[in-house]
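Asker: Provided below are the primary sequence and the corresponding predicted coordinates.
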Amino acid sequence: MTAVVFYFQVHQPFRLRRYTFFDINKSDEYFDDTENARIVRRVAEKCYLPMNALLLELAEKYAGEFRFAFSVSGTALDQFEQWSPETLESFKKLARTGCVEFLGETSHHSLAFLGDEEEFRAQIREQKRRVEALFGVAPRTFRNTELVCSNRVARVAEEEGYATILCEGADHLLGWRSPHFVYRPEGCERIKLLLRSYRFSDDIAFRFSNRGWGEWPLTTEKFSSWVRELPSEDEVVGLFMDFETFGEHQWRETGIFEFMRHLPRALLAERRFVFRTPSEACAKLDPIARLDVPHPVSWADAERDLTAWLGNHMQRAAMDALYSLAPRVRKIGAGHPDLLARWRRLSTSDHLYYMCTKWFSDGDVHKYFSPYTTPHDAFITFMNVLDDLARRLEQAERAS
Amino acid sequence: MRVLMLGWEFPPHISGGLGTACFGLTQGLAHHGVEVLFVVPRSFGDEDTRFVSLVGADQVPVRRVQRETERAETVRAAWSKLPDAVRTSAEGIDVLLAEAGARDPALRERLARAFELVAIDSPLRPYLDDAEYEQSLDLLAEAGIEPAVGAVAARAVAARVVRTAGTVGAPELVPGGAHLERFPSIEELVRESTREQRFVFRGAYGPDLFAEVARYALVVGEIARRERFDVIHAHDWMTYPAALVAKAITGRPLVLHMHACEYDRSGEAVDPRIRDLEQAGFDGADRIACVSHYTANTLKRFYRVDKARLRVVHNAVTHREAAAVLHEEKAIPEPIVLFLGRITFQKGPDYFIDAAARVIQVEPRVKFVMSGSGDMLPRMIERAARKGLARHMHFTGFLRGREVERMYAMADIYVMPSVSEPFGISPLEAMALDTPVIVSRQSGVSEVLANALKVDFWDVDGMANKILALLRYDALSQQLVEDGREEISRLRWDTQGALMKQVYQELVA
C-alpha cells in the first residue's frame, strides 16, 4: 500500500506600501491595503475559489477516498476575513467533508524559529487556536514556513504537541535513502518526519506548463504511470506544493485543473494507491530510520536552504533588526496589541524574500513574486517601516 | 574586416567621455580581429605634425604616439587655457594605448596592429556649441596655435575650402571665410571633396561650428577616397555629415553610433540645425547603434527611425587595475554625497540640490559636493544658497584625471540625477571605486546595472529617501558595493565588440 499525500500551502503576506524615510514618525500606515486586497481577490478568483470547488467536487465524488491537506497561514486567513470571505467559506466547506486536514504552522509565516524561539512558539500556538476555531479540528501535523525543517524545529514541534512534521526530501539530506518512507528526526522521541517527493511535486508545481520540458504536456496518464513505477515497498509519496500552482502559477489554460480532476481516478484505479492526509499516513507508518537534519532545509531553489531569505547582508541586517525588538514587543504587547500585530506582520518571511539578490542580475522567479522593482527597494522600505515601529515602541515604553 | 571610424578622443579618466567609449569599442573590436582606421579631429600646434595623415603601412602607431608626445607640452599649455567644457588633451588615445600596453603587452600589440590613427586638424570637440567653438578658436589663436598653410598641401590630404566666388558648385561652402548660410548638402560636399584642382588649400578652421563640421566632412571625404575599408562607423552628430560623404563616395555601408542626441542635451530647446544633421544622418544610415534602449526609443520617438535599423550596443567599462586599489582617505568625518558631471540641463543638477535640501532637514551632518562646470553652475550656486544649503553644499569646479577618481573614492554616495542620459558611464566609475550609486531611471546605464539604486529624476523625495537609506542602513551600501564590484567586472568591451561586429556583419556579406 502506498499513500499519496497531497498538501497545499495557502499564504498571502501583508505587503508594505511605499514607505519612505519621510514617513517615519509621521505615518503609521505600513501596509498597502489596496494592493493586498486586489491580489487576494484576484488569486481567489483564479485559484482559491475554482480549485476549492473542484476539490469539493472530488471529495464528494470519491466519497472519502480522495483526501488531502491544507496549511493556511494566519496572514492569509486575516486577508480572507477582510477581503474575500467567500474564500474562507469555501475552506470551511471543505473542512466539513472530513476529507481534509488543516496543518499547523506559524501564524505569520515567519522565520521566528531562527529569530526568537519564544516568538516561534507563540506564533505556533496562535495558529493552532485559530485553525481549531475556524475548521473545528486542532492541527496535529506541523509544517514550518517554506517547509523549513531541522532537528531543532522538529523538536520544538514535538514539544508543542505535534505528531508529524513535514520536510523537504532534499538529496543532500537523504543521500541514497528514499523520500518515500517516514523517518524520525534526530533528537526527537515521537514526532514523525514526512518528506516531500520533490521530483513528483515539481512535475506538477513547476514543470507542468513548461513547453521546453521533454515530458510536456504532462497528462494524468503520464504522471500516474510514473507514480505506478515506484517500487511496491514505497510507503508514501508526498506531493507538497503552493496552492497557487492551480490557476495562478499554472494558468487555467494549461489544463492544470483538468489534470487534477482526473488524477484521483487514475491512481485509485490501482488498488495499491490510497490518498491520505499527512496525519493519517503517518499514524499507520513507523519510522524506517532516523534522519539527521542538522541545518535547516527548505523547499526553495536548487539549494534547498535558507539563502533565499537570509543569503545577503540586507536580509541578515533586516532579520537582526526585526528580532532585536522581540523582547520589548513581547513585554509591551499585551497593553499594545496593535504594536504586536504590526511587528508580527513584519515577521512574514516574504519581506525577506523580496530582498533576495540571488540571480538578481539575470531577473528570475524571485522578481515575479515581488511587489518591488529591486531587492534594494524592498530593504529600504522594510527598514524605514521598522524604524518607525521602533520609535512607536519606544514611545509606548516611555508612556507605561 | 576594416572599419573607417569617425571617432573622438578625450583624456583618460574623465567621466562620461564619448572618447573613452569610442576607444573602448575600438579595443573590443580589435579583440575580435576587426581592424579600425580611427579618424579623430584634433588641433595641433606644431606645423611639422599638424596633422598626421594617412600613415603608410610602414609607420606603426607606436611611433606616431611618440612623435606626438614630443610636442605635447606646447599643445597642453594651449589647451589648458580653454574653457572646461571644451578642454581636451593631446594625450587622449596615446595615453590609453600606453596604458593598455602597460597592463597587457599582447593587447597593445594587437591594438597596434588593428588600429590606425588618423588625426584631422580640427578644433571640433563633442558637445561644443557655436559660442564655445568660437571661444576655443580665439584661445588657440592666442596661444599661437593656428593651422598653417603650405607645408601640408604637399601631403595631399588637407583641410580644403572652396573658392568663394565664380565657381561652379557650392558657393556657400566657404569655411575659410564667411559663415555658412546653410549647411551644404551631402551631394555638394561630395562634389567639392573630390574636385581637387578647384580647391584652394587654406589651413584655416571654419569660422563657425557648422562651417567646421562641413570642412571636417570634406577632409573625411578625401580620406575615404584613398582608404580601403568595409564599413563606415561614426559617433554623434558632428561626424554624421562626414560619414554620409564617405558613404556617398565609396558606397560602403554606414553605421551611426548614437551616444547623445540633441534632445538629450537640450530637452525641448533643440538647435534645429543640429537636429536636421542628425535626422539626415539617421535617414542615410544602414544601421544605428544606440548605447541603450532608452536612446533607441528616443530615436523612434523624435526622429521616426524605424526599428529595423536600430541596434542596442550598451557601453562597457574600460577596466583599469589601478582604479581598484585607490582608497582615498577622507579628511572629514561627515558622509559625502557626490554629483559629478557637466552642470547642464541634461545632468539634472537642480534635482540634486533639491534632494540635498530634503536630506539636510533630517540629517544635517551630511556634505553634498557638486563637481564639474557648465552653464547652469552659477544658477546652482544661487539655488543652493537660497535653499539654505550654503554650509552643506560644496562646489569643486571642474575635476580631471586623478582628481575625479579621488573624488569618487572619497564619496559615500554618488548620485547621477540625469534628466536624459543615453548611457552615463560615470556610475560605473564610481562603483569601480567602491562607492554605491543612485542613478536616474532616465538613463541607459540603469538598463545594464542591477546593483544601483534607481529613481526617476523628478522624484526629489525618492532620491532623498534613497540617499538617507544608504546613509542609515550600512547593509545596503555593503550589498551594493560587493555585488556591484562583481557586476561591473562583467561589463566588458570585448563582449560589446562582438555585438558591434555582428552589426557590421549584417551589412557586409
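Answerer: Yep, it's here.

Asker: per-residue confidence at residue B:167?
Answerer: At residue B:167, the predicted lDDT confidence score is 33.

Asker: Also residue B:357?
Answerer: On the pLDDT scale, residue B:357 gets 97.

Asker: Ok, residue B:149 next?
Answerer: pLDDT recorded at residue B:149 is 37.

Asker: ditto for the one 5 residues further on
Answerer: At residue B:154 the predicted local distance difference test score is 26.

Asker: Residue B:86 too?
Answerer: pLDDT, residue B:86: 34.

Asker: if I look at the residue nearest the centre of chain B, how far off is residue A:91?
Answerer: Nearest to the geometric centre of chain B sits residue B:18, at 1.9 Å (CA atoms, centre = their mean). Applying CB to CB, to the nearest Å, the value for residue B:18 to residue A:91 is 63 Å. Where you see a C-beta, it was placed from the backbone N, CA and C, and this is true even at glycine.

Asker: and what of residue B:7?
Answerer: In terms of CB to CB, residue B:7 sits 67 Å off from residue A:91.

Asker: Count the neighbours of residue B:219 for me.
Answerer: With neighbours defined by other CB atoms under 10 Å in any protein chain shown, the count for residue B:219 comes to 24.

Asker: Wait, a strand at it?
Answerer: No: looking at residue B:219 with DSSP: H, G, I helix; E, B strand; the rest coil, it is helix, so not inside a strand.

Asker: what about the residue nearest to it when sequence neighbours are not counted, how many residues close to it?
Answerer: Spatial nearest neighbour of residue B:219, excluding adjacent residues (CB to CB, 6 or more residues apart in numbering or on different chains): residue B:120 at 5.1 Å. The local packing count at residue B:120 equals 25, with neighbours defined by other CB under 10 Å.

Asker: ok, what's across the strand from residue B:120?
Answerer: For residue B:120, the beta-bridge partners are residue B:41 (DSSP bridges).

Asker: Chain B contacts on chain A?
Answerer: A:20-22, A:312-314, A:316-318, A:357, A:360-361, A:373-374, A:376-377, A:379-380, A:383-384, A:387 (CB under 8 Å from any CB of the partner chain).

Asker: do that again at 10 Å, thanks
Answerer: Proximity of chain A to chain B (CB under 10 Å from any CB of the partner chain) is limited to residues A:18-25, A:312-318, A:320-321, A:355, A:357, A:360-363, A:373-377, A:379-384, A:387.

Asker: Which ones among these lie within helices?
Answerer: In helices, judged by DSSP state H, the following of the residues of chain A next to chain B are found: A:313-318, A:320-321, A:375-377, A:379-384, A:387.

Asker: I'd like to know which of those residues are buried.
Answerer: A:313-315, A:317-318, A:321, A:375-377, A:379-384, A:387 (16 or more other CB atoms under 10 Å in any protein chain shown).

Asker: Greatest separation within the residues you listed: which pair is it?
Answerer: A:375 and A:387 (18.4 Å; CB to CB).

Asker: So which helix or strand of chain B has the lowest pLDDT on average?
Answerer: strand B:160-162 (a mean of 30; mean pLDDT, DSSP states H and E).

Asker: now stretch B:246-255: mean pLDDT?
Answerer: 95.

Asker: Actually, stretch B:273-287.
Answerer: 95.

Asker: With just CA atoms, put it into CSV.
Answerer: Taking Å, rounded to 0.1, in the frame of the first residue of the first chain, the C-alpha atoms of stretch B:273-287 are listed here in CSV:
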residue,chain,number,x,y,z
ARG,B,273,20.4,72.8,-37.3
ILE,B,274,21.8,70.1,-35.2
ARG,B,275,18.6,68.2,-35.2
ASP,B,276,18.5,68.3,-39.0
LEU,B,277,22.0,67.0,-39.3
GLU,B,278,21.1,64.1,-37.0
GLN,B,279,17.9,63.4,-39.0
ALA,B,280,19.9,63.4,-42.3
GLY,B,281,22.4,61.0,-40.7
PHE,B,282,19.7,58.6,-39.5
ASP,B,283,17.9,58.8,-42.8
GLY,B,284,21.1,57.8,-44.6
ALA,B,285,22.4,55.2,-42.2
ASP,B,286,22.1,51.5,-42.7
ARG,B,287,22.2,50.8,-39.0
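
Asker: Pull out the buried positions in it.
Answerer: Residues B:273-275, B:277-282, B:284-287 are the ones in stretch B:273-287 that count as buried (16+ other CB under 10 Å).

Asker: Please apply the same query to stretch B:212-232.
Answerer: Counting neighbours by 16+ other CB under 10 Å, the buried set in stretch B:212-232 is B:212-225, B:227, B:229-232.

Asker: Tell me the secondary structure at residue A:165.
Answerer: Under three-state DSSP, residue A:165 falls in the strand class.

Asker: Lowest-scoring secondary structure element of chain A by mean pLDDT?
Answerer: Per-SSE averages on chain A (mean pLDDT, DSSP H and E): minimum helix A:365-368, a mean of 54.

Asker: For the closest residue to residue B:348 other than its chain neighbours, give me the backbone phi and psi.
Answerer: Among residues not flanking residue B:348 along the chain, residue B:417 sits closest, at 3.9 Å (CB to CB, 6+ apart). The phi and psi values for residue B:417, taken as degrees, to the nearest 10, are phi -90, psi 30.

Asker: In this model residue B:343 seems to touch residue B:417, though I could be wrong.
Answerer: No: under the criterion of CB atoms under 10 Å, residue B:417 is not in contact with residue B:343, lying 11.7 Å apart.
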